[in-house]
Each structure stands twice: as structure tokens, then as C-alpha cells.
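Engineer: All I have is the shape, not the residue letters:
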């Protein structure tokens, strides 16, 4: 019996707090595969100012696999410097070719090394559960939610030097073939309305699933108490969304689509996207309607389709707020850390970074959010320090 439609058939949760209810999850089929990607040395690259390149390569992993999935709906999650993606067995050979193409792009276009691993779900499940749910973020984007420890275990297998070789895909006789269509990096960094952007990671350390659910519920509720409704702490708002015409800011997208094609093609591509950006600015400013597309609503579509809060064995959030609110949140989290209930990491910036996957301009799309200057990668480093303590 084919399992390729198992994810598309899942009912979507409507409230973020529903992710703390274990009954909302199902087990991932044993014949599926887990793709893990991340940039080696991403923290150093970010500290040298290359955070946009790191984020974009993480997004490339997702868009290249989605483009070979075609009509099969597959779950994925963006981690800032990499991604986790689940695929059915029939996609494995095309996925390897796409991953090889992304590795070539990382190496030749950005002088970075993309670590890649493919772990069968059947390898993970004897040790940890791999459970999944689907959260309705907007009419254009459903987000995958993971729990059970299986995704974290797969990531550890890929990153651990003792086991990495077992799960590095065999690329012999394969031709790199990655399609990055849909990827866009055309917005300016998004300044916080309230002074700062907090990129937050929280991992419950409770011994049981029910206790962990309770901790995550408490943390999410506490964030709402401190910051107010989601509208108040959402890092992306229409008034702060501005397109970029800066060639340097557009260089990452240009490199992705023109690497190895020569400088003349690069100049042509940069000119092409600047014309597209101008038209987008004009259409949005004057609320132009073209067929079914109402450009006056486009920024609203973007805001609604962001992934600023998610869960993959730990809570990930990007929050806009005042420094005084962040101090209250850190005080609360410190207390829970001292009680041994959780570990956490956070990174503070004055703006957020957005990388976009757009498959239909007025339909299916997702906008990946991270804190500028390091975001999730720096928060993860801080959380690991707490775990060592």
C-alpha cells in the first residue's frame, strides 16, 4: 500500500497551542526517508556577516526537494542554517541528485560546505518515535510539526562523525540536478516595530511526554502574557515590509540562479529581478489588480504565510518586542532552567531576515523568518551551553 499521501491526508490543526496535545500526532510511515542538511561552520560564517548566505542555502535544501515532489505534499522545517525534510521512497534518487546540486552551489557559489544525510525512518523508530502533525498557518501554507525525538536523533546521526558516513548518500554516477525555482530573497531586512527581535529556542527536559507538553504549554502561554496577542509580537508587519533594490542585498539570489553562468548572465539576471521588483513595488503601492491577483493584498498574504513559530522536538519562535518584555521572558526562562524543567537559547537583533519560497504568487508560498545576524544558529549555540551546564 502506497504511503505517499499520508501527510496530505492529515487534518490540519488550527491553533498553535494544539501542538502540545499528543493525540494530534501520528507516526511517520516506516518506508519514508529523513533528509537532514546543514552548513558546516555556519556559526563562523554568520559571525563574519554571511548570515543571509547561510539562510538562503538552508532554504535551497527545501525548495529543491519540493520542486521534485511535484504533487506529493511533503513535510519540512527550516532551521536557519539547514533543514529537515521527509520524503516517500520513490523520490530518493531524484532527491540525491538535487542534494548533490545544492552541495555544488554551496561550494562553488558561496565557498561553504553543505552537510547532507538521508536517514530511513526505520532506522530511527527502534530508538525514538517520529511523530508528525500539520498546523494551518494560512490558506496558503500548512506547517509540519514534529515530536517524539526521532527528528533530533536523525540529525545527531548525520552530524556525529562516528555515524555520519553511514547516512551520507552515495552520489556515484549521479548528475547534480537542483531546481531552485520559487526561491526569492528580495525584501529588505525587517526592523522590529518595538525595538528588538528575539530568536528563541526552548527544549523541555521533563522525563515524560505529558510533562514536556505541560512545559511547552506554560512557555507559550507565558510568552502571550508578556508580549500580548500574536499580532503584537509578530516579527513581520505590512508597514515594515520593503523591497530591496540594493545589488549587494540581491547578490545571494543572483548567485543561486547564475553561478557558473558567467558575469554577463549575472548582470542580466540582476537587471531582470530589479525590473520585477520595481513592478512589484508599483503594483503593491497602487493596488493593481491583474486577473485573480490583487496586489493590494500581497503584503497581507506574505505576513500570514510566515514560519515565525514552529516546533521540531523543541519550540522555535521569532518575536518582536521591547527590551523590557524580553527581560521578563528571560527571567521566567532562567527560573525554569534553575528548576531543571527546560534549557533555552536566545539571540537579540534589531531586525528579522526573510527568505521566500513562492510557488504561486497569489497562492502556495512560505516565508522563512530568522533573526538577523545569526538568529537560530546563535540561539542554538547558547542553548547547547546550557545543556552542558
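Structural biologist: That came in fine, so what should we check first? Predicted, not measured: the structure shown is a model, and the values here were computed from it.
Engineer: Could you grab the helix/strand/coil label for residue 142?
Structural biologist: Following DSSP: H, G, I helix; E, B strand; the rest coil, residue 142 is assigned to strand.
Engineer: list the contacts for it?
Structural biologist: Contact analysis of residue 142 by Cβ atoms under 8 Å, 6 or more residues apart in numbering lists 12, 134, 135, 136. Just so you know, the C-beta spots here come from the backbone N, C-alpha and C atoms, and that holds for glycine as well.
Engineer: can you check residue 153 too?
Structural biologist: 124, 127, 128.
Engineer: Between those residues, which sits nearest residue 21?
Structural biologist: Among these, residue 128 lies closest to residue 21 (Cβ to Cβ), at 19.5 Å.
Engineer: The closest one: neighbouring residues, count only.
Structural biologist: If you count neighbours by other Cβ atoms under 10 Å, residue 128 ends up with 15.
Engineer: That one is in contact with residue 150, isn't it?
Structural biologist: Yes - Residue 128 lies in contact with residue 150 (Cβ atoms under 8 Å); the separation is 4.4 Å.
Engineer: Now for residue 50: which residues touch it?
Structural biologist: Residue 50 touches residue 110, counting by Cβ under 8 Å, 6+ apart.
Engineer: Against residue 60, how distant is it?
Structural biologist: Distance check for residue 50 against residue 60: by Cβ to Cβ, to the nearest Å, it reads 15 Å.
Engineer: just residue 136 next, same as before
Structural biologist: In terms of Cβ to Cβ, residue 136 sits 26 Å off from residue 60.
Engineer: Compare neighbour counts for those two and give me the winner.
Structural biologist: Taking neighbours as other Cβ under 10 Å, residue 136 and residue 60 compare with residue 60 leading, 25 against 14.
Engineer: Chain neighbours aside, what residue packs nearest to the more buried one?
Structural biologist: residue 102 (5.3 Å; Cβ to Cβ, 6 or more residues apart in numbering).
Engineer: mind checking the end-to-end distance for stretch 19-31?
Structural biologist: Its first and final residues considered, stretch 19-31 spans 25 Å by Cα to Cα, to the nearest Å.
Engineer: What lies in contact with that stretch?
Structural biologist: By Cβ under 8 Å, 6+ apart, the residues outside stretch 19-31 that reach it are 3, 6, 10, 13, 18, 86, 88-89, 121-122, 125, 129-133, 135, 145, 147-148, 150, 209-210, 213-214, 216-217, 220, 311.
Engineer: Helices - which of the residues you listed land there?
Structural biologist: 121, 122, 150, 209, 210, 213, 214, 216, 217, 220 (DSSP state H).
Engineer: What residues does the first one make contact with?
Structural biologist: The contact partners of residue 121, by Cβ under 8 Å, 6+ apart, come to 28, 29, 30, 31, 32, 33, 34, 86, 130, 150.
Engineer: Give me the phi and psi for the closest residue to residue 217 other than its chain neighbours.
Structural biologist: Of all residues not flanking residue 217 in the chain, residue 20 sits nearest, at 4.5 Å (Cβ to Cβ, 6+ apart). Here the main-chain torsion angles of residue 20 (degrees, to the nearest 10) amount to phi -90, psi 10.
Engineer: what's the pLDDT at residue 20?
Structural biologist: Residue 20 is assigned 98 on the pLDDT scale.
Engineer: swap in residue 173?
Structural biologist: On the pLDDT scale, residue 173 is placed at 86.
Engineer: hang on, the earlier thing: is there a quick ChimeraX command that grabs whichever of the contacts of residue 121 are buried?
Structural biologist: Here is the ChimeraX command that selects the buried residues among the contacts of residue 121 (16 or more other Cβ atoms under 10 Å):
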select :28,29,32,33,34,86,130,150
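Engineer: mind listing what the closest residue in space to residue 113 that isn't next to it in sequence touches?
Structural biologist: Nearest residue to residue 113 in three dimensions, chain neighbours excluded: residue 40, at 4.4 Å (Cβ to Cβ, 6+ apart). Residue 40 is in contact with 112, 113, 114, 115, counting by Cβ under 8 Å, 6+ apart.
Engineer: Write a PyMOL command that selects only the buried members of those.
Structural biologist: Selection command for PyMOL covering only the buried members of those, criterion 16+ other Cβ under 10 Å:
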select buried, resi 112+114+115
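Engineer: distance between the lowest-mean-pLDDT helix or strand in the chain and the chain's centre?
Structural biologist: Using mean pLDDT, DSSP states H and E, helix 42-47 stands out as the lowest-scoring helix or strand of the chain, at a mean of 90. In terms of Cα atoms, centre = their mean, to the nearest Å, the centre of helix 42-47 is found 17 Å from the chain centre.
Engineer: go on, stretch 348-356?
Structural biologist: 12 Å.
Engineer: Buried residues in that stretch, which are they?
Structural biologist: For stretch 348-356, the neighbour count (16+ other Cβ under 10 Å) marks 348, 349, 351, 352, 353, 354, 355, 356 as buried.
Engineer: can you pull out the helices in the stretch 251-389 of the chain?
Structural biologist: 251-258, 263-285, 298-304, 323-338, 375-388 (DSSP state H, counting those that start in this stretch).
Engineer: Check which helices and strands the shortest one is in contact with.
Structural biologist: Under the contact criterion of 3 or more Cβ pairs under 8 Å, 6 or more residues apart in numbering; DSSP states H and E, the helices and strands touching helix 298-304 comprise strand 131-138, helix 263-285, strand 365-371.
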